[in-house]
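1. The sequence and its predicted three-dimensional model are supplied below.
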Amino acid sequence: MERGAVVRDVDAIISKALTRRNFMVGAGSAAALSAVGCSKTFQPMTVPTNPTPALTDVDYLNFALNLEYLEASYYLIAATGSGLSAADAGSGAGAVTGGSMVPFTSSIQQEYAYEIAQDELNHVRFLRSALGSSAVPAPAIDLVNSFNGAAMAAGIGSTFNPFASFDAFIVGAFVFEDVGVTAYNGAAPLLSSTTYLGAAAGIMAVEAYHAAEIRTLLLQAGSTYVGYANQISALRATLGGGNETMLSATTVVACDSANAIAYSRTTSQVLSIVYASPDGNVVSGGFFPNGLNGNIKSTAA
Amino acid sequence: MATTETQILDDVIAASRRRMIMMSGTALAGLVLGNAPKASAQTTLTDTDYLNFALNLEYLEAEFYTLASTGQTIDQIGIGIGAGTAATGGGTVTVKPTGPASCKVPFTIAAVSSYATEIASEEQKHVTFLRGALGASAVAQPNLDLYNSFNAAAAAAGIGPAFDPFASDVNFLLGSYIFEDVGVTAYHGAAGLLTSKTNLGAAAGILAVEAYHAGLIRTVLWGLDQATPSAGIAAATVKISNLRAALDGTNNDDVGLTTVQDALNGTTANYTASTIVNADSNTIAFSRTTQQVLNIVYASASGMKGGFFPNGLNGNIS
């Protein structure tokens, strides 16, 4: 037989085998799912079940989407007096408590606020689009008791209104931005799709731009506001496993002092910060009075 | 005959292996036409190659910031620049004729001086970290040019016939501006190519720090521009961004400091916003391929060695 023909024939056989193998993989998955379904209904004792289903890219993206809803709501209200549109918040979205337009005193203040508000809104829209029908709606968000509680816990005072002035607004922004960086940094290696990884890395970079901007503006605002920021930083360190760099003129970047690599946090550490609780198995609180929407909503046991 | 059979078997194995990897008919098409390569002629790039690519860029950044803040090169302050773990044996740094000491910027803004010192320290740590991670595989510092490169870049960008980034606070910030956003796009582009999750985590963490630097530099430049609009600071950043976008061939992946009109949660784009963040229409940071990054640091749209790296990068990506 002519050499090319032999190769062709054998390759056709291999192709069939590969196709069959793919089919079997798919069928196996379906069978496994079916078995899990059966086990729940009929054979709970004999078929091992997984109490914590493996998290998927969709879960991590929805986790990020919850954080983006929070940031977008904060910045949009600060910039315009109103938050996400119904279309951007999704069907069944929770209510937002509090917030009002910041009394800006210069155009440059407005330019900063408008830019970040648009950026975070774009992140909401991008993630909702990437997730499609799997996107969770915005959860209930509290922008009053959350900040008051954080101020109390951080030792700043009994209340804190981040919408009262531009300087207060950037302190409020400080609460979020570095956390966003650590959250995306922690999630990036967990994503299986390189497309999503690329997007997550790109959003993380933007959060780092924001974080640096806010930290730089705080330094310009003066020692009072740097002091507030560092009290919040200390609180976040308590709740979120350390991973903080005190802000000063010589330490603008938040990164580990040995290698100058940005910190990363687990989803549980991020939840502890946004729920404002150091405890395990916490599913709501702080900025999210009813918890996050989606499969990642509980701090670790 | 045995030889022929062996060759046929080799071809079959090669074809099936490729199919299993690629799950595509492309390899088979080549085989049937009788021109299937016996072995891969092109070296597949590894994590080591990408980390060494990053190390070249970190050498450049570390030298720039260290000279600006101390008037010394990184080897003078004890950082290794040789191949592998060797402290010495790296390339030279070309600076202005008055020498390295004259590169210490005569800062008049205390905050900018502090920022220079901080960023120098962080870029030095990136060099040391990557050299440690690469171990014996670390490439030496290539020859660097921080003199002719900036002059040529300024001319190409339309800023002027010469540009000394070590002359003043603003010039230092503009020099920094040239690097930082590029670092972000380079790490962003490489992140998805790394196979090791450990390397990916480190690269993502360094990416974030480069973005912090870029955000810091851009915020300071924007503030100075708004305080003194006649200085043309923001206009210079737009020219630099446009040059980078032209060099990488896209003409649309770099945003200078300016204002844009945003709609926010309304329907009319009538909110005047700054552009501190350098990102695309989804507000996702831009990403560049290694070739696009090379075009920028070589200052050549065709990728010819030059610019900041007169003899090219060291390593397999050059």
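-> Sure, I can see it. Residues are numbered from 1 along each chain as shown, chains lettered A, B, ... in the order given.

2. For the chain, just list every one of the strands.
-> Went with chain A since none was named. Under the criterion DSSP state E, chain A contains strands at A:96-97, A:141-142.

3. hmm, I had chain B in mind actually
-> B:93-94, B:144-145, B:259-262, B:271-274.

4. Parallel or antiparallel, list what pairs with the first one.
-> What that stands for is strand B:93-94. strand B:144-145 (parallel) (DSSP bridges).

5. same check, this time on the third one
-> Strand B:259-262 has these partner strands in its sheet, going by DSSP bridges: strand B:271-274 (antiparallel).

6. Run a quick neighbour tally on the nearest residue to residue B:201 once chain neighbours are set aside.
-> With C-beta to C-beta, 6 or more residues apart in numbering or on different chains as the criterion, residue B:201 has its nearest non-adjacent residue at 4.9 Å, and that residue is residue A:189. Glycine gets a C-beta too; all of them are placed from N, C-alpha and C. With neighbours defined by other C-beta atoms under 10 Å in any protein chain shown, the count for residue A:189 comes to 20.

7. is it true that residue A:189 touches residue B:202?
-> No. If you go by C-beta atoms under 8 Å, residue A:189 and residue B:202 don't touch, sitting 9.9 Å apart.

8. in chain A, what spans have low per-residue confidence?
-> A:1-52 (pLDDT under 70).

9. So out of everything in it, what residue is nearest chain B?
-> Taking C-beta to the nearest C-beta as the measure, the point where chain A comes nearest chain B is residue A:212, at 3.1 Å.

10. And that residue, how far from residue B:209?
-> 10 Å (C-beta to C-beta, to the nearest Å).

11. Give the residues shared as contacts by these two.
-> Common neighbours of residue A:212 and residue B:209, using C-beta atoms under 8 Å, 6 or more residues apart in numbering or on different chains, are residue A:253.

12. before we move on, the earlier item: highest average neighbour count across the strands of chain A?
-> Most buried of the strands of chain A, by mean neighbour count (mean count of other C-beta atoms under 10 Å in any protein chain shown): strand A:141-142, with a mean of 24.

13. coming back round to it: now the strands of chain A as a markdown table including distance to residue B:83?
-> Shown next, in a markdown table, are those (distance: least, C-beta to C-beta, whole Å):
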| stretch | distance to residue B:83 |
| --- | --- |
| strand A:96-97 | 57 |
| strand A:141-142 | 54 |
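
14. returning to what we had before: and the closest residue to the residue of chain A closest to chain B other than its chain neighbours, how many neighbours?
-> Nearest non-adjacent residue to residue A:212, counting by C-beta to C-beta, 6+ apart: residue B:215, 3.1 Å away. The number of residues packed near residue B:215 is 31, by other C-beta under 10 Å.

15. follow-up on the earlier one: contact partners for the residue nearest to residue B:201?
-> By C-beta under 8 Å, 6+ apart, the contact set of residue A:189 is B:197, B:200, B:201, B:204.

16. Could I get the full set of helices for the chain?
-> All of this is about chain A. Per DSSP state H, chain A carries helices over the ranges A:3-41, A:57-80, A:86-89, A:107-131, A:145-154, A:166-187, A:194-221, A:223-239, A:267-275.

17. right idea, wrong chain: chain B
-> With helices called from DSSP H, chain B shows them at B:2-22, B:26-32, B:47-70, B:110-134, B:148-157, B:169-191, B:197-227, B:233-247, B:290-297.

18. near chain A, anything from the last one?
-> Translated: helix B:290-297. No. Figure legend: helix B:290-297 not in contact with chain A (C-beta under 8 Å from any C-beta of the partner chain); closest approach 14.8 Å.

19. So what touches that helix?
-> Outside helix B:290-297, the residues touching it (C-beta under 8 Å, 6+ apart) are B:50, B:53, B:57, B:60, B:182, B:185-186, B:189-190, B:244, B:247-250, B:288, B:301-303, B:307-309, B:313, B:317-318.

20. Can you point out the buried residues in stretch A:240-249?
-> Buried residues in stretch A:240-249, counting neighbours by 16 or more other C-beta atoms under 10 Å in any protein chain shown, are found at A:240, A:241, A:243, A:244, A:245, A:247.

21. List phi and psi for the last one.
-> Dihedral angles phi and psi of residue A:247 (degrees, to the nearest 10) take the values phi -80, psi 130.

22. Hmm, it is touching residue A:221, no?
-> No. Judged on C-beta under 8 Å, residue A:247 makes no contact with residue A:221 at a distance of 11.0 Å.

23. how about the helices of chain A in TSV, adding distance to residue B:272?
-> As requested, the helices of chain A are exported to TSV (distance: least, C-beta to C-beta, whole Å):
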stretch	distance to residue B:272
helix A:3-41	52
helix A:57-80	11
helix A:86-89	21
helix A:107-131	6
helix A:145-154	28
helix A:166-187	16
helix A:194-221	17
helix A:223-239	25
helix A:267-275	31
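
24. Buried ones among the contacts of helix B:290-297?
-> B:50, B:53, B:57, B:60, B:182, B:185-186, B:189-190, B:244, B:247-248, B:288, B:307-309, B:313, B:317-318.

25. Low-confidence bits of chain B, can you list those?
-> For chain B, the ranges with pLDDT under 70 are B:1-42.

26. residue nearest the centroid of the chain?
-> Because you didn't say which chain, this covers chain A. residue A:64 (3.0 Å; C-alpha atoms, centre = their mean).

27. other chain: chain B
-> Closest residue to the average C-alpha location of chain B: residue B:183 at 3.9 Å, with C-alpha atoms, centre = their mean.

28. got the contact list for that residue?
-> Shown in contact with residue B:183 (C-beta under 8 Å, 6+ apart): B:57, B:61, B:210, B:213, B:214.

29. measure it to residue B:54 for me?
-> Residue B:183 sits 9 Å away from residue B:54, taking C-beta to C-beta as the criterion.

30. tell me, how many neighbours does residue A:178 end up with?
-> Residue A:178: 33 surrounding residues under other C-beta under 10 Å.

31. For it, list the residues it contacts.
-> Contacts of residue A:178 (C-beta under 8 Å, 6+ apart): A:211, A:215, A:233, A:236, A:244, A:254.

32. Which pair of these spans the longest distance?
-> A:215 and A:236 (13.5 Å; C-beta to C-beta).

33. Which one's more surrounded, those two?
-> Shown here are residue A:215 and residue A:236; by other C-beta under 10 Å, residue A:215 has more neighbours (27 against 24).

34. doesn't residue A:174 make contact with that one?
-> Yes. With contact defined as C-beta under 8 Å, residue A:215 reaches residue A:174; the gap is 7.2 Å.

35. Between those two, which contacts overlap?
-> Residues touching both residue A:215 and residue A:174 comprise residue A:229, with contact defined as C-beta under 8 Å, 6+ apart.
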